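In: pasting the sequence and the predicted coordinates here, then a few questions.
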Amino acid sequence: MNDVSEFGMDESSNPDEIWLDVRGEFCPVPAARAKQQLDELSKGAQLKVWTTDPLAPVDLEVLCERLGHRLISHAPKESGVVTTIEKG
């Protein structure tokens, strides 16, 4: 279980929203793990990917473009960036 409390969230607050904590991982791990998680989700579900790699948001945008998912947002935080993706 990831500690998402610093974002004012609780992992159980939305069953269609999954958190993936890949802080400390570098390219290509965040995008590869996000793809793996997205493959397991239902269409319309949201994946929030918490990263610290400065290139991860760009990699996640490319992943969305290539695989037909929708990039909803990048939210910079003191401890990284949370990228929200909706499975297409």
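Out: Sure, I can see it. Numbers count the residues shown, from 1 in each chain.
In: using the three-state scheme, assign residue 31.
Out: Secondary structure, DSSP: H, G, I helix; E, B strand; the rest coil: residue 31 is helix.
In: contacts only, for it.
Out: Neighbouring residues of residue 31 by C-beta atoms under 8 Å, 6 or more residues apart in numbering: 56, 59, 60, 62, 63. All C-beta spots, glycine's among them, are computed from the backbone N, C-alpha and C.
In: so which of the residues you listed is the most crowded?
Out: Counting neighbours by other C-beta atoms under 10 Å, residue 56 leads these with 27 neighbours.
In: contact partners for the closest residue in space to it that isn't next to it in sequence?
Out: Excluding the flanking residues, the one nearest residue 56 by C-beta to C-beta, 6 or more residues apart in numbering is residue 30, at 4.2 Å. Applying C-beta under 8 Å, 6+ apart to residue 30 gives the contacts 22, 49, 51, 53, 56, 59, 60.
In: again, 6 Å this time
Out: Taking C-beta atoms under 6 Å, 6 or more residues apart in numbering, we find residue 30 in contact with 22, 51, 53, 56.
In: mind putting those residues in JSON lines, secondary structure included?
Out: Below are the contacts of residue 30 laid out as JSON lines (three-state DSSP):
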{"residue": "22", "secondary structure": "coil"}
{"residue": "51", "secondary structure": "strand"}
{"residue": "53", "secondary structure": "coil"}
{"residue": "56", "secondary structure": "helix"}
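In: so where's the protein uncertain?
Out: Where the chain drops to pLDDT under 70, the residues are 1-16.
In: across the sheet, point out what pairs with the spatially most central residue of it.
Out: Centroid check for the chain by C-alpha atoms, centre = their mean gives residue 49 as the closest residue, at 2.0 Å. Assessed by DSSP bridges, residue 49 has beta-bridge partners residue 20, residue 83.
In: my guess is it contacts residue 36, does it?
Out: No - taking contacts as C-beta atoms under 6 Å, residue 49 lies outside contact range of residue 36: 11.4 Å.
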